[in-house]
Structure formats: structure tokens, C-alpha cells
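Enquirer: Structure for the following, please:
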Amino acid sequence: MPPTCSICYESFTSPVSLPCGHVFCRECVRRTVDSIKSAGVEHFCPTCRASYSILNVDPALIPPYLRPHILPPLRRVFFDAPRTPRPHPVQSQSQSQPPPTPAEFGRAVAEGNALRLNCATWRRRAEVHAAANTSLLGFARAAKDCALRMRAERDAERNTCVLLKRKLAELLYVLPLPAFALRI
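Expert: As a prediction, this is how the structure comes out:
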């Protein structure tokens, strides 16, 4: 039986995965996000309620060494036909090495948890930074539009001033001089 989407209960069409690992049809996730009319960029997985951001973070804003840890909100998923399992490289190496001790295992688990926490912290920072950049870009666009409007108003007022000066010059040239001005 082919895998099915837990939103529409149909076979997957353009399957995508959320950061929590649950897979849905791309259109189902889009409709779910569109149905929630919130101002925030944070949404929740329909299955496990894990939060994810729909804001795409510009990788250029992230330091290069942290880019591998920033996950896109939706990742394309490809389902392959069943294959014969290949031995994992770690499994083939572990046959010659003794299994890890409980202390090593505990240390590896602690390091993994610390890395997950750091990744979550950097992901939140990147999302906040991206949201701030989005706000600043909106402000910059509004300021640019205002400057263009003011420049157009200034040019219109200059043209009006030039026309008024011409009319004044024509009136002064056409009007006869008063009699007291001639006696000088």
C-alpha cells in the first residue's frame, strides 16, 4: 500500500517534509498554512504540533559554518522503490571495534542534545533577524516612495513658480509705467 498524506488521506502528490519529519502533500501544507490567518511566521505540524517557520531565511545572512544547521521549512521528499538494504559504513567498521561504553554513549547523547539546542537557538535568531530585515525592507520601500512623491511635488512647485515668474515679467513689461516714474 502506498504511503498517504495524513491531511487528505490520499496518496502523496508532491510530498514535502516538515522539519519534524512528518510528510504531507505540498498543496495540503500550503492550504493548512493559508487557512491560518495569523500575523506570525510560526506554524505547527498538523500531526505532532511541532513548530516550524514559513519564513525563508536568506543563507547569505547566516555565517557559513552555521548554514548546514538551518533547515528549510519544507523539504522535497522522494519515495524510492524498495531496495535491498546496504550495510551501513558505521556497522561494517563497528565489527572490528568494541561497542561504546555507557560513558561514551552518554557523552555522545549529551553532545547531540547540546547541538540540537544550539541549532534551535541559531534557527530562532535567524528567523528573528529575517523578520527584522523584512520589516526594515518595508520601511525602506515606504521611505523611498515618500521621497519620490516629495521630489515630484517639488518639481511641480518649481514649474508653477517658473510660470508665475514669467507671467509677472509679462505683466511688468506690458503695463505702462506710472507718470511719476517718467519724471525721474
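Enquirer: low-confidence ranges in this protein?
Expert: Under the criterion pLDDT under 70, the flagged ranges of the chain are 1, 37-41, 55-58, 67-97, 175-184.
Enquirer: swap the cut-off to 80 and go again
Expert: Within the chain, the stretches falling below the threshold (pLDDT under 80) are 1-3, 34, 36-42, 52-100, 102-108, 129-138, 174-184.
Enquirer: In terms of secondary structure, what does the longest helix anywhere in the chain contact?
Expert: The single longest helix within the chain, with elements called by DSSP state H, is helix 102-174. Under the contact criterion of 3 or more CB pairs under 8 Å, 6 or more residues apart in numbering; DSSP states H and E, helix 102-174 touches no helix or strand at all. C-betas here are computed from N, CA, C, even on glycine.
Enquirer: quick one, phi psi at residue 52?
Expert: Its backbone dihedrals place residue 52 at phi -150, psi 160, with angles given as degrees, to the nearest 10.
Enquirer: residues contacting it?
Expert: 18-20, 42-45, 73 (CB atoms under 8 Å, 6 or more residues apart in numbering).
Enquirer: go again using 7 Å as the cut-off
Expert: Applying CB atoms under 7 Å, 6 or more residues apart in numbering to residue 52 gives the contacts 18-19, 43, 45, 73.
Enquirer: what about residue 19, which SS state?
Expert: coil (DSSP: H, G, I helix; E, B strand; the rest coil).
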